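give me coordinates for this.
(2 chains)
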Number of protein chains: 2
Amino acid sequence: MFSSQDSQWMHRAIVLAEQGRFTTSPNPNVGAVIVKHEKCIGEGYHQQAGGPHAEVFALRQAGSQAQGATCYVTLEPCSHVGRTAPCAEALIKAGISRVVIAMQDPNPQVAGKGITLLKAAGIEVEVGLLGEQSRAINLGFLSRMEQQRPFVQLKLAASLDGRTALENGVSKWLTCAEARADVQLYRAQSCAILSTATTVLTDNARLNLRVEELSTAVSRLDNGQLRQPKKIILDRQQLLKGNEAVFADAANVIQCIPMLENGNKMPHNASQLRCQTTSDGRFDLAALLQQLATEQQVNRLWVEAGATLAGSLISQHLVDELIIYIAPKLLGHLAQPLAVLNNFTALEQVPTLVWQDMAMVGTDIRLTARFN
Amino acid sequence: MFSSQDSQWMHRAIVLAEQGRFTTSPNPNVGAVIVKHEKCIGEGYHQQAGGPHAEVFALRQAGSQAQGATCYVTLEPCSHVGRTAPCAEALIKAGISRVVIAMQDPNPQVAGKGITLLKAAGIEVEVGLLGEQSRAINLGFLSRMEQQRPFVQLKLAASLDGRTALENGVSKWLTCAEARADVQLYRAQSCAILSTATTVLTDNARLNLRVEELSTAVSRLDNGQLRQPKKIILDRQQLLKGNEAVFADAANVIQCIPMLENGNKMPHNASQLRCQTTSDGRFDLAALLQQLATEQQVNRLWVEAGATLAGSLISQHLVDELIIYIAPKLLGHLAQPLAVLNNFTALEQVPTLVWQDMAMVGTDIRLTARFN
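I've put the predicted structure just below:
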């Protein structure tokens, strides 16, 4: 059904789509290429929510040549009027004769309606080319649409013997400067960072995106487009006073407090989110993630927290991907553990992952693994 | 001084030398290539202690053509009569006119005497070509000659959170079959395995080289040449009774007991080694390593033991290289630690390594690191 030419153009569309990975949220990353007589006559990618969609950029470039051309697009063209006009209609108006789509859009506002619209206009529509690759660049958006929770990446940093800090709490700096800069890249790709009041207070963590630490390739983006991720701080006991370093960016701070409690006064532009708790008084983490997806439109959630929250998320199967920086150091048996988990009695019970990637980052190693 | 042709031939000699890595101990790995008119007329490598040296194989192939030729050899030709006649003399007799040597032999029986002999015979001698690469294939032999202790490789296997077993001791099988087969390769390259009575008793470990688990490339060697490493078992309290699985290969078992104690009766072909202890009654590990090098001719020592011995060796700076298999599992904070170390109060105090290598081995990752 698809030729190798088709694959090549769709691959180009995916490469284009990826260029939006720091800026499109809560929208998905989408790329489009318009081809006529085996030549690209227009291409584009979605850059920022509220701005034109990928197809619009590509159609603008193609102009009147679009008549009779093929459009390759990594996600089903939209059919609804959102902040921009529907792309399916734009493709029809431009006279496009064939549309190749990597995957259907699971967004209930689209969900096949774009395809139906195109077909009804007599356009040849084919779906599924490089579908897996297209999924891979939208893990956050797809998780939010399909599971009503963010794609959750848990960041850990440990010694070779799996310790995050000395017994006395010292952990600065366990990992190297390059590893810490690498973390900035993940923060930049995430809609929100999840942490706890304890972490914020212990490290006086700012949890902000420090553009100056990003690699040149990324900071070459217009910095205005790079957004600060929201800082979601679990604060069951309301330990935060509002004067901590994290409040330097108060507009992006969301303090999570138990559903029925009165909130302390926070800096006027910080938010409070009332969250469900379980019978033991702890936050219901599954409910929280759903809340973040549905109320806060969080596609990708980057977790930077201690062994307790890490362990709870893992135990409740709420982590999709684990990213761990391993420093070539040994802290010993008295140092602090990576994750607080149940006391297992058989290896069949333990959380098991599959390696995705390994890389040197400065003098450390970064391992990436996904839960089954 | 050296041409790119020279480098190419020496590189060939090193590749040849490596072919002996499972069989030459306690001798070093040595390769030799004889070149005349830019063609190889003879090559060889040392295969087994007591057998011909590399130069002899190469000279046999070259025959009378050796007259006026250049010999590339990865280690200084020997000058002493050991189990074979001195190679320096053989090169002189064959009429070799130039000898290029990667590195001088630190063996006090040679240590420049081979070079002196060749020069005295009017042969042009050059030393130092690819010297680092030649060192790299003889880390064990060089450590024994230069530091009177083996090159010590510590093998560890842990979960992603640095745990070696569940709280209840269960560790079978934390790592995958491919990782365990990979361990066999290291055992095959080692002169001896160091372990403890506790480990032997807990796991009923055989600590033997299981040829059937080796990769095809290695098992294609004549199995008769692959030797069982010696099994050095620290047994301060004489817990071993002689009927444990490790004694299936009793001839290679060396039970280490404190210097002044009477030994239990062991199977008649197992050995006992009386070792120095420190004032607290523990084995003096530095003295033990020296004893293994000087009395037992151990070049490469492969340590498979628990967190206590691992920690002691690391703390006393007696480990050269750490090889750790990491399974993509999380065992939690109650599981058993990788290394028992001091309670550090600052990160500057902790043992620090430098990564050498990382590789996927089955579903696990193998990380290699050296101590500074």
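
quickly note the distance from the one residue in the stretch 51-200 of chain A that gets nearest to chain B to B:Val183.
Minimum separation of the stretch 51-200 of chain A from chain B (CB to the nearest CB) falls at A:Gly162, amounting to 2.1 Å. Using the backbone N, CA and C atoms, a C-beta is placed for each residue, glycine as well. Here A:Gly162 is placed at a distance of 20 Å from B:Val183 (CB to CB, to the nearest Å).

of the two, who's got more company?
A:Gly162 (29 against 22; other CB atoms under 10 Å in any protein chain shown).

that one is in contact with B:Asp161, isn't it?
Yes - with contacts counted by CB atoms under 8 Å, A:Gly162 reaches B:Asp161, the gap being 4.2 Å.

spit out the residues that contact the two alike.
Taking CB atoms under 8 Å, 6 or more residues apart in numbering or on different chains as the criterion, A:Gly162 and B:Asp161 both touch A:Pro337, A:Leu338.

counting contacts, what elements does the host helix or strand of A:Leu353 pack onto?
Secondary structure assignment for A:Leu353, by DSSP states H and E: strand A:353-361. Applying 3 or more CB pairs under 8 Å, 6 or more residues apart in numbering or on different chains; DSSP states H and E, we find strand A:353-361 packed against helix A:177-189, strand A:321-327, strand A:364-371, strand B:353-361.

dump these to TSV, plus distance to A:Val303 and mean pLDDT.
Putting the helices and strands packed on strand A:353-361 into TSV (distance: least, CB to CB, whole Å; pLDDT from 0 to 100) gives the following:
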stretch	distance to A:Val303	mean pLDDT
helix A:177-189	10	93
strand A:321-327	10	98
strand A:364-371	13	97
strand B:353-361	25	96
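
now those as TSV including distance to B:His53?
Shown next, in TSV, are the helices and strands packed on strand A:353-361 (distance: least, CB to CB, whole Å):
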stretch	distance to B:His53
helix A:177-189	47
strand A:321-327	43
strand A:364-371	41
strand B:353-361	30
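
tell me the most buried of these?
Each of the helices and strands packed on strand A:353-361 was scored by mean neighbour count; the highest is strand A:321-327, a mean of 23, by mean count of other CB atoms under 10 Å in any protein chain shown.

tell me what angle that one forms with strand A:364-371.
160 degrees (axes from the mean of the first three to the mean of the last three CA atoms, to 10 degrees).

what sits up against strand A:321-327?
With CB under 8 Å, 6+ apart as the test, strand A:321-327 has contacts from A:151-160, A:174-176, A:179, A:182-183, A:186, A:353, A:356, A:361, A:363-371, B:160, B:367.

wait, doesn't A:Ala62 sit right on A:Gly42?
Yes - assessed by CB under 8 Å, A:Ala62 is found in contact with A:Gly42 at 3.3 Å.

what do those two both touch?
Common contact partners of A:Ala62 and A:Gly42 (CB under 8 Å, 6+ apart): A:Ile34.

name the element A:Ala158 belongs to?
A:Ala158 belongs to strand A:151-159, assigned by DSSP H and E.

what mean pLDDT does that strand get?
The predicted model assigns strand A:151-159 a mean pLDDT of 98.

partner residues bridging the residue nearest to A:Thr196 when sequence neighbours are not counted?
Spatial nearest neighbour of A:Thr196, chain neighbours left out: A:Leu234 (4.7 Å); criterion: CB to CB, 6 or more residues apart in numbering or on different chains. On the basis of DSSP bridges, A:Leu234 is bridged to A:Thr196, A:Cys256.
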